[in-house]
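J.: let's see this in three dimensions:
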Amino acid sequence: MTQRHDASRRAVLAATGVLTAMAAIPVAGAAKPGTPDRLWYLRPAATWDEALPLGNGRLGAMVFGRVGQERLQLNEDTLWAGAPYTPDNPDAMAALPEVRRMIAAGQYKDATDLASRAVMAKPLWQMSYGTLGDLLLTHDGMAEAESYMRALDLATAVATTRFRTPAGTFRRQAFVSAPDQVIVLHLEGPEAGLGFELAWRGPRSVHYTAPDYAGAATDLTKAQSAAWDPTEPAWADRSDVTKAADGEGAVLFTGRNEAGPGIPAGLTYAMRIAVVSDGVVSNESGHLTVTGAGRATLLIAAATSFVSYDDVSGDPIARVRRQTEAARAKAFKTLKRDHIRDHQALYGTMSLELGRTAAADKPTDIRIAAGETSDDPALAALYFAYARYLLISSSRPGTQPANLQGIWNEGVNPPWGSKYTININTEMNYWPAGPAGLSACVEPLLRMAEDLSVTGAKTAKTMYGARGWVTHHNTDLWRAAAPIDGPMWGLWPCGGAWLCNTLWDHYDYGRDAAVLQRLYPLMKGASTFFLDTLVEDPMGRGLITSPSMSPENQHPFGSSVCAGPAMDRQIVRDLFGHTVTAGRALGLDAEWLTQVESARARLAPDRIGTSGQFQEWLEDWDGAAPEPHHRHVSHLYAVYPSDQVNVRDTPDLAEAAKVTLRQRGDLATGWGTAWRFCLWARLAEGDHAHGVLKALLGPKRTYPNMFDAHPPFQIDGNFGGAAGILEMLIQSWGGEVHLLPALPKAWPAGRVAGLRVRGALSVDMAWRDGRVTALTLKGPPNAIVPLRQNAVVTQVRLDKAGHYRR
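T.: Numbering: from 1, shown residues only. The predicted model follows:
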């Protein structure tokens, strides 16, 4: 789903003033090309999926690094379509018993048709994430670059563009500051030789091609997304947008968000740009120009009137004025220092080395183009580091959670609305957070679940006549909880339950009592909903959900709607188990927890089909399903991210999972491939997992800027891939820490520092020839930790300071 542009890459590069062949220029004060934690390129970004992402959790920027006209595409994480709304369908409660009866009778099409008429949300679609448009800096008379390099330093979260023309050397540095809540673009050039005109292109639609679900075979080495068209005007008049000078050296843009399907626009937004320069700054009617400068700094603030999912009374104009003026009072060096210090407090807690070959000395896009075939273990380490960078940049305490595209989106009509798809994608976004030492980044997800426990309680009562709360397969900024899109996709009641299980994992890695205090009411409410809505299987196989589906996958009877799919039983089993553990740890609800425990024991168990496969449905339908290579592998939730099925305790089911994975195939969409990678790693098949990872790192599933390619871009694949890399090195489940459980032959030596495991433990480890050569544990004083390697379990005890070393 990326826009194809008629202009060739050569035409785009020529229009931006860059030669096709360029020599690298060292960037002063930064790491050299090819060093770890660094993406670098010898040409500007011709397309959006070549631009470099910056973010502070709330504000996002895509930096193109063009010479003649720089483009920064901008986002603010609350700029969504629509306004507060409640989509619950009051007709659902009366229709659901008949839908269940039809499912039990095998009348799946009739059940689907009735659900479509009487059960789905009103409106049927949720709201989309938006964009702030593009900031454009046009340099008059800029000659072609004689040499050029752009880079993103993951350790500092600073993007640098440096090039040389006959007029001299020019350098730009860009970052998004969390302490100061501004996007900063600092430009340097020859004395009195820097000048530019600033323009803004407002939010607009972007056209996308259809996704390729059949193996994601599109060659992503070709330019696909919205390339800059030099003939397109920078300013498109919109009646809802105003532009005006706003004091000395500043311009203010204000407007309204987009209307959503059936929901009017309800947000206002503001963006203010302030310029600090040693040159001449002209600001006539909001038309900003800089001439005769050696240095210039742009400070960009943006905000909306969003306060919460039910309150849009904020004052974005006052906010952006306050933020830009506060930032303008600081020197650029101070802004940069504070930004790096803040970023490194999160990023600097972990490191990973997997070995290095000569391939690591090449530009990043060249390495990705060869990713499936080259010997480049450092590319996997860079991919992991980049995922950590992306999570820090798109999900911070106080912001919105990372959505389908993190916070980076160039159009008002993004694929799948760039929403929160909670039947896999949102959860995958946070899979690496605990083990990668980024638990702080999970706070927005916990806050969203708290919101959904309120809106979802209304949905549960209105649509199901149930207590507790429920959310289906998607939600948005407004925390809509009703089923959307149509029964074939949306009639799945386990979204809230899976969020609870994801948040339990967050707690289990950190063991923060304050998190448990916030989480338990959410788990209790989600469990209560299922106590009220689970039904007995007519064939006596146990408690099941109905209606539901195995997410987005059709069974052989013309629908996906069914009763009791494997994933539901697994998710509810985890939910009930975690709720009981949490409640007893807190000393709460003893009698009620006994009911939950009893219901858990009655859930229908997992089943092995006649082909030896792990059954996706209660019935043995897998072999006749119309999409045998479907992107979802929902029924293997029990293997990963759960641990209900594992090679130690349930070997028969684990073998059935392998059969299913072989039948499904290793390659799917970007995130689907990442999930398969995690599953093979959890099943201790290191070399097989590594083969899947190689496919994920190649140009069919990774864009030149290392964004995951669904296609189009979805950020979940980046995070799923990072989680899988850690699964190959260390796993923590079943009360044990598993060392090198799926180490591939391709990584004979390496080291990791700061990796987290369950029980609030931190691990530093080095290995060579498949054996651990150094190990340090940090955690609760006197804790006993069972370590497993090669089927041997050793009990070790941390000392009084909470340390263990060997």
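J.: strands of the stretch 601-750 of the chain, start to end?
T.: 730-733, 736-739, 749-757 (DSSP state E, counting those that start in this stretch).
J.: for these, give me a markdown table that also has mean neighbour count.
T.: For the C-beta atoms, the positions are set from N, CA and C on the backbone; glycine is no exception. What follows is these, written out as a markdown table (neighbours: other Cβ atoms under 10 Å):
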| stretch | mean neighbour count |
| --- | --- |
| strand 730-733 | 22 |
| strand 736-739 | 22 |
| strand 749-757 | 19 |
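J.: how about JSON lines for the ones you listed, with mean pLDDT and distance to Leu499 added?
T.: Shown next, in JSON lines, are the strands of the stretch 601-750 of the chain (pLDDT from 0 to 100; distance: least, Cβ to Cβ, whole Å):
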{"stretch": "strand 730-733", "mean pLDDT": "98", "distance to Leu499": "20"}
{"stretch": "strand 736-739", "mean pLDDT": "98", "distance to Leu499": "26"}
{"stretch": "strand 749-757", "mean pLDDT": "98", "distance to Leu499": "21"}
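J.: same list (these) but as CSV, adding distance to Arg272.
T.: Compiled in CSV, those are given as follows (distance: least, Cβ to Cβ, whole Å):
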stretch, distance to Arg272
strand 730-733, 46
strand 736-739, 50
strand 749-757, 38
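J.: out of those, nearest to Leu445?
T.: strand 749-757 (16.9 Å; Cβ to Cβ).
J.: centre of the chain to the closest one, how far?
T.: The chain centroid and the centroid of strand 749-757 are separated by 22 Å under Cα atoms, centre = their mean, to the nearest Å.
J.: how about stretch 53-70?
T.: Worked out by Cα atoms, centre = their mean, stretch 53-70 lies 18 Å from the chain centre.
J.: list the buried residues in that stretch.
T.: 53-70 (16 or more other Cβ atoms under 10 Å).
J.: how long is it end to end?
T.: 14 Å (Cα to Cα, to the nearest Å).
J.: what is the rounded mean pLDDT of it?
T.: Model confidence over stretch 53-70, given as mean pLDDT, is 97.
J.: likewise stretch 668-682?
T.: For stretch 668-682, the mean pLDDT works out to 97.
J.: how far off centre is that stretch?
T.: Using Cα atoms, centre = their mean, the offset of stretch 668-682 from its chain centre is 15 Å.
J.: can I get that stretch as PDB, trimmed to CA atoms?
T.: Extracted C-alpha coordinates of stretch 668-682, given in PDB (Å, rounded to 0.1, in the frame of the first residue of the first chain):
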ATOM      1  CA  ALA A 668       4.100 -13.900   5.000                       C
ATOM      2  CA  THR A 669       3.600 -10.200   5.600                       C
ATOM      3  CA  GLY A 670       6.400  -8.500   7.500                       C
ATOM      4  CA  TRP A 671       4.800  -8.900  10.900                       C
ATOM      5  CA  GLY A 672       3.500 -12.400  10.000                       C
ATOM      6  CA  THR A 673       7.100 -13.400   9.100                       C
ATOM      7  CA  ALA A 674       8.300 -11.900  12.400                       C
ATOM      8  CA  TRP A 675       5.700 -14.000  14.400                       C
ATOM      9  CA  ARG A 676       6.900 -17.200  12.600                       C
ATOM     10  CA  PHE A 677      10.500 -16.200  13.500                       C
ATOM     11  CA  CYS A 678       9.500 -15.900  17.200                       C
ATOM     12  CA  LEU A 679       7.700 -19.200  17.100                       C
ATOM     13  CA  TRP A 680      10.600 -21.100  15.600                       C
ATOM     14  CA  ALA A 681      13.000 -19.500  18.200                       C
ATOM     15  CA  ARG A 682      10.700 -20.500  21.100                       C
END
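J.: can I take it that Leu39 is in a helix?
T.: No. Per DSSP: H, G, I helix; E, B strand; the rest coil, Leu39 lies outside any helix segment and is strand.
J.: quick one, which of the strands of the stretch 601-750 of the chain is nearest to Leu267?
T.: Evaluated over the strands of the stretch 601-750 of the chain, closeness to Leu267 peaks at strand 749-757, with 37.4 Å, by Cβ to Cβ.
J.: the closest one pairs with which strands, parallel or anti?
T.: The strands that strand 749-757 pairs with in its sheet are strand 351-353 (antiparallel), strand 761-768 (antiparallel) (by DSSP bridges).
J.: with mean neighbour count added, can I get these in CSV?
T.: As requested, those are exported to CSV (neighbours: other Cβ under 10 Å):
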stretch, mean neighbour count
strand 351-353, 19
strand 761-768, 18
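J.: need the ones you listed in TSV (columns: distance to Leu137).
T.: Listed next are those as TSV, based on distance: least, Cβ to Cβ, whole Å:
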stretch	distance to Leu137
strand 351-353	35
strand 761-768	44
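J.: distance to Asp113 and mean pLDDT added to these, as CSV?
T.: Compiled in CSV, the strands paired with strand 749-757 are given as follows (distance: least, Cβ to Cβ, whole Å; pLDDT from 0 to 100):
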stretch, distance to Asp113, mean pLDDT
strand 351-353, 51, 97
strand 761-768, 52, 98
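J.: of the ones you listed, which approaches Arg367 most closely?
T.: Ranking the strands paired with strand 749-757 by proximity to Arg367 (Cβ to Cβ) places strand 351-353 first, at 16.5 Å.
J.: how about the helix or strand following the closest one: buried residues?
T.: Next helix or strand after strand 351-353 toward the C-terminus (DSSP states H and E): helix 364-369. Of the residues in helix 364-369, Thr364, Asp365, Arg367, Ile368, Ala369 count as buried by neighbour count, 16+ other Cβ under 10 Å.
J.: what packs against helix 364-369?
T.: strand 38-41, helix 377-394 (3 or more Cβ pairs under 8 Å, 6 or more residues apart in numbering; DSSP states H and E).
J.: then the last one to PDB, C-alphas only?
T.: Taking only C-alpha atoms (Å, rounded to 0.1, in the frame of the first residue of the first chain), the coordinates of helix 377-394 have been written out as PDB:
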ATOM      1  CA  PRO A 377      25.400 -10.800  11.500                       C
ATOM      2  CA  ALA A 378      25.800  -7.200  12.500                       C
ATOM      3  CA  LEU A 379      22.700  -6.400  10.400                       C
ATOM      4  CA  ALA A 380      20.600  -8.400  12.800                       C
ATOM      5  CA  ALA A 381      22.100  -6.500  15.700                       C
ATOM      6  CA  LEU A 382      21.400  -3.200  14.000                       C
ATOM      7  CA  TYR A 383      17.800  -4.300  13.300                       C
ATOM      8  CA  PHE A 384      17.400  -5.100  17.000                       C
ATOM      9  CA  ALA A 385      19.000  -1.700  18.000                       C
ATOM     10  CA  TYR A 386      16.700   0.100  15.600                       C
ATOM     11  CA  ALA A 387      13.600  -1.600  17.000                       C
ATOM     12  CA  ARG A 388      14.600  -0.300  20.500                       C
ATOM     13  CA  TYR A 389      15.100   3.100  19.000                       C
ATOM     14  CA  LEU A 390      11.700   3.000  17.400                       C
ATOM     15  CA  LEU A 391       9.900   2.000  20.600                       C
ATOM     16  CA  ILE A 392      11.600   4.800  22.500                       C
ATOM     17  CA  SER A 393      10.700   7.300  19.800                       C
ATOM     18  CA  SER A 394       7.100   6.200  19.500                       C
END
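J.: Leu54 contacts Val176, doesn't it?
T.: Yes. The criterion here is Cβ atoms under 8 Å, and Leu54 meets it with Val176 at 4.6 Å.
J.: any common contacting residues for the two?
T.: When contacts are counted by Cβ atoms under 8 Å, 6 or more residues apart in numbering, the set common to Leu54 and Val176 consists of Gly60, Ala61, Ala157, Ile183, Ser393.
J.: cool, thanks, signing off.
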